Structures are given as structure tokens and as C-alpha cells.
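Visitor: Pasting the sequence and the predicted model now:
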Amino acid sequence: MLWLDGFVQGILLGGLYAQYALGMALMFGVMRVVNITHGDLVILLALIGISLATTFSLGPWSVLVILVVLGAIIGVILQRLILNRVVGADPLPSLIATFGLSIALQNAMLQIWSADTRSLGGGDIVHASFQLGPLFVGVLPVIVLLTATVLTGGLDVALRSTRFGRALRAASADVEAAALTGVNPKTVYTGATAIAVAILGFAAVFQSLRSTVAPADGAFQLIYAFEAVIIGGMGSIWGAFLGAMALGVSQSVGFRIDPGFGILAGHLVFLIILALRPQGFLGRG
Amino acid sequence: MSAALLSTHGLVARYGDFQALYGIDFEIAAGEVVALIGANGAGKSTLLKSIMGLLSVAPGMVQLKGRPVGGAKPHRMVAAGVAIVPEGRRLFVGMSVIDNLRVAIDHAGKSAANGWTLERLFALFPVLKEKQAVPVQSLSGGQQQMVAIGRALLSQPRVLLCDEISLGLAPKVVKEIYQALPSICETGTAIVLVEQDVGLARSSSNRLYCMLEGRVSLTGRSTDISREAIGEAYFGGAHAVA
């Protein structure tokens, strides 16, 4: 029973990790842009959301809408101002530029919000749960998992069969050839980053409802997102979802082995998969 | 000449400190096939890259129907009606044949006078219809070249630039691809052919330009130019062979 509970809670936790991982799958997996600010943007959006909720006494769903729109705007600014200058075959310039930005963001957040941990009040839904056979399952984690599933499915379809998705895949395969076929790479990349950061708006709300956020927490979200994308296979959207599930289950089961072992268990599973199947679950060998 | 669809005027191009082109005057009219020949490094591909906006040139150096378009970004050139079959094909690896073609359809130029459709393309290269769901990297070289040509055609070009489309292909396949050229020109599309095979370039073009060390060394009607003249223009007077 302990193990079944661990598994189910892990899948639910994976729903949250999938929301971190989807934007990363798009930017790192498809565009090959390394965005170190990924986790910091989750925290930034969450802190903005918490401040908005307390200042204007907004409910979590209004905050969600605002953060998704705000995330898209931040994505456009990030791409136009910084990433368009460093995007290319070499991932190093984007890594260095966003590493610097990550440190600047963390310090700016510390300045504005201080180092306190905060969370978003969500009312009854945060504590509601229902019985599923022998297990108690939280309503919020189920909403998180369903949201992650819908986002994954939607993003996968968008990449496969829309004008935007084809243009993005073409630009990722050969940016010069895509431009010679009429694609404006900068427009396509801007759209992709806007989507990636908008998804972080979902992650920000659910993270701050489920647990707490503080300015220096971004590194965790960043590493979970990277691990999920690599476990699942670069370039595969459903792969990132599965990778997030694997990470969630490993951590959750790890916690039940020993409370101090959970996070480490996730990293160990990541390393084992990297050694045994470096191309990931759904990656092309 | 006012009849020119695409023209270059004293076009100068450089890669950093290295000057690759020294004042190229080139023109092509609607429905014409013009071959561009010359040794490796003569500047043929550089000329095509300059026209497509991959190298920066002054606006007046490239003109489309007399309008200055030099230095416009590649996607703007496609929208204006110039498409290229790039050297080495440059297909979108990992995507199916049909998705490669759809990228071109999605972003086609507005000059749809020549009305290329998937049906017309599949009539020209029937094998592409059979293989449309297959990832491009699993096609043969000749089939990949057909996808590259199809992708350029579906951009609805008024001028199609072909960079070494016979390179690395079996003679039979080259013949098959060159046989498709007349039906491409039918609707007024002009074709610029960069070709290593001088005989093939001559027999499949109306006019030709021979380039040598970044300059045009010879130009005229393909049927009028003798092999000797080409030989001299190709290698430079001192090394004249032929």
C-alpha cells in the first residue's frame, strides 16, 4: 500500500514537473536554446502572482489567466532582447547569456520580495481530497495532472500539424534552409519562447498553491525540467511528459524509502537512464 | 534592359576581408533558363547567396523587375518571388516529405501566377506522391533532390535558383531531373542553373554566363558560344585548353 501510494503520488507530482518540462522541451529539445532562467521565471511569475493575489484579493484562477498572458509577454521580450542575439548551432552563447540573466533575476527578486518563502492561498480546493480505493488523492494534484496532460497534448498537436509547428521544426532542423523557404526564424522563435514561458504561468500558480516559493528556488525547477526532457528524449513533447512522470515517481518512492532520499532518488534515476538509454525514452537512437 | 525579371548591377560581395565578387552584371527574363558555369571558387554560389539575401549587398545591386531588393532578408526574397534549391539540398531532416513541402506552401510568395500545387508537383515527380509520408532522410539522393526542387517550386517563384542540382547524382537521375525543367519554365518561371557539367549547362539553357575569379568572363547565347571560348573563359586565357 505504501508503495502504491508512493507511485500514485509520484504520478501526480509528475504532473507539476511536466509543466516545468514542457517549455524546456520546446526551447532546449526543439530549438536547442539553453535557457538557464527557466526556473527563475517560474519563481518570478509565482511571486508576481502572489503579490497580485494579496494586493487585489484575486482568486487563483484569475491569477492563472494573468500569469499565462504575462508569461507570453515575458517570453517575447526575452527572445527579442536576448535570445535572438545568441540563437544558433552553438548552445554556449545562450547558456552564458541566460546564466548571467538568471543571477540578475534572482538578486532582483531577493531585493523586491526578500528571502521569505511565500505561497498562494487557494481556499478549500488546496486541501480537498477524495478516496480512490484504499488511497486518498488530493483534488488539486489531479487538476495539475489533467492540466499538464492537456497542455502536452495541445503542444504536441501544434508542433505536428500547424503552420507554426512545421515552421519551428524546419527552423530547428536547418535555420538557413528554413529562411530560404520563406520562414522568418525570429518570428517563429519568438512565438516558441512566448509559448514556453506562458506554460510556466501554469506551473507558477500550481507550484505556489501546492507548496511554497522563494527567490532562490529556481535552480530546482530548472534541473527537474532538464532531467525530464533528457529522460524523455530530446525533441519529444510526450517524452518530456513521461520524463516528468519518471522523475515524480522516483522522488515520491524515494521519500517513502527515506525522507532524505527523495530528491536524490530522482537524480539517481536520471543518471541511470542517461547511462543506459542516453537518447531517452522516446528519443531517436 | 527593361525586360529583365531579375538583375544584378555591379554586384560586389565579400566574406569578411575576402572579396568574392567584383561587380557582377547579370540578368534573366521571364521564362528564360540561364546557366552559370565556372570553376570551383569562381563565385557562382556566392552570387546566388547574394541574390537571396544571405550576404549583405547594397539595395540597388539586386533588382526584381527594376525594384531594388538587394540585402533583403531571405524570407522577404521568397515572398517577393525568388526561391532557391540550395547546394546540398538542405532538407528538413526528421520531417516527412509532405511536411517539408508544406513549409514552403505555408510561406509561399504571393505571385501565384504560376500556380504550383502538390498535384502538379506529384505529376512532375510521381515518386514523391508515393513517398510523401516518409522522413526525407530515408530517400535516395535523387528523390531528395526532387523534394528540394519541389519545396522551392511550392514557394511560387518567378525566379528559381538551382545550385548544383546534379551534384552527386547518377547520370540517369540527373537526366530525369533536367527533363523536368522545360515544364517548370512553361508558366513563365525563370531558372538560373549553377552547373559543373558544362555540356549539360549548355544544352539545357538559353544563355550562359561563365565566371572566373569573381568576375563574368564570358556571356552569350548558349548555342552561339564555342567550346573553345568556354574553355578560355573557364580557366582564364593563360591556361586555355579545349
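Guide: Sure, I can see it.
Visitor: Now the residue in chain A that chain B sits nearest to. Its backbone dihedrals?
Guide: In chain A, the residue that lies nearest chain B is A:Gly182 (3.0 Å; C-beta to the nearest C-beta). C-beta coordinates here come from the backbone N, C-alpha and C atoms, glycine included. The phi/psi pair for A:Gly182 (degrees, to the nearest 10) reads phi 100, psi 0.
Visitor: That one and B:Ile105 touch, don't they?
Guide: No: using C-beta atoms under 8 Å, A:Gly182 makes no contact with B:Ile105, being 9.5 Å away.
Visitor: So for these two, which sits in the more crowded spot?
Guide: Comparing A:Gly182 with B:Ile105 by other C-beta atoms under 10 Å in any protein chain shown, the one with more neighbours is A:Gly182, at 26 against 19.
Visitor: At which residues are the helices of chain B located?
Guide: Ranges of helices within chain B are B:44-52, B:74-80, B:97-106, B:118-124, B:126-130, B:141-153, B:171-179, B:181-185, B:198-203, B:227-235, based on DSSP state H.
Visitor: wait, I meant chain A
Guide: Per DSSP H, chain A carries helices over the ranges A:2-24, A:38-56, A:60-78, A:84-86, A:92-113, A:139-161, A:163-173, A:175-180, A:185-210, A:218-232, A:237-257, A:262-276.
Visitor: do you know which of these lies nearest B:Arg14?
Guide: helix A:175-180 (18.7 Å; C-beta to C-beta).
Visitor: Output the contacting helices and strands for that closest one.
Guide: helix A:163-173, helix A:185-210, helix B:74-80 (3 or more C-beta pairs under 8 Å, 6 or more residues apart in numbering or on different chains; DSSP states H and E).
Visitor: could the ones you listed go into CSV alongside mean pLDDT and distance to A:Phe99?
Guide: Below are the helices and strands packed on helix A:175-180 laid out as CSV (pLDDT from 0 to 100; distance: least, C-beta to C-beta, whole Å):
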stretch, mean pLDDT, distance to A:Phe99
helix A:163-173, 94, 22
helix A:185-210, 96, 17
helix B:74-80, 95, 31
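Visitor: how many other residues sit next to the nearest residue to B:Leu153 once chain neighbours are set aside?
Guide: Among residues not flanking B:Leu153 along the chain, B:Trp116 sits closest, at 4.7 Å (C-beta to C-beta, 6 or more residues apart in numbering or on different chains). By other C-beta under 10 Å, 23 other residues sit near B:Trp116.
Visitor: Of the helices of chain A, which is nearest B:Ile84?
Guide: Ranking these by proximity to B:Ile84 (C-beta to C-beta) places helix A:175-180 first, at 5.4 Å.
Visitor: of all the residues in chain B, which ones are close to chain A?
Guide: Residues of chain B lying close to chain A (C-beta under 8 Å from any C-beta of the partner chain) are B:52, B:54, B:73-75, B:78-79, B:83-84, B:86, B:90-95, B:99-100, B:102-104, B:106-109, B:151-152, B:155.
Visitor: If I look at B:Ala238, what pLDDT would I see?
Guide: B:Ala238 carries a pLDDT value of 58.
Visitor: ah, wrong one, I meant B:Ala35
Guide: So, for B:Ala35, pLDDT stands at 96.
Visitor: ok, back up a step: tabulate the helices and strands packed on helix A:175-180 (TSV), appending distance to A:Leu16 and mean neighbour count.
Guide: Shown next, in TSV, are those (distance: least, C-beta to C-beta, whole Å; neighbours: other C-beta atoms under 10 Å in any protein chain shown):
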stretch	distance to A:Leu16	mean neighbour count
helix A:163-173	25	23
helix A:185-210	6	25
helix B:74-80	39	23
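Visitor: Let me know which of the ones you listed is the nearest to A:Ser94.
Guide: A:Ser94 lies closest, by C-beta to C-beta, to one member of the helices and strands packed on helix A:175-180: helix A:185-210, at 11.0 Å.
Visitor: what's the spacing between A:Ala246 and A:Gly100?
Guide: Remark: distance between A:Ala246 and A:Gly100 (C-beta to C-beta, to the nearest Å) = 31 Å.
Visitor: got it, and A:Phe206?
Guide: According to C-beta to C-beta, A:Phe206 stands 28 Å off from A:Gly100.
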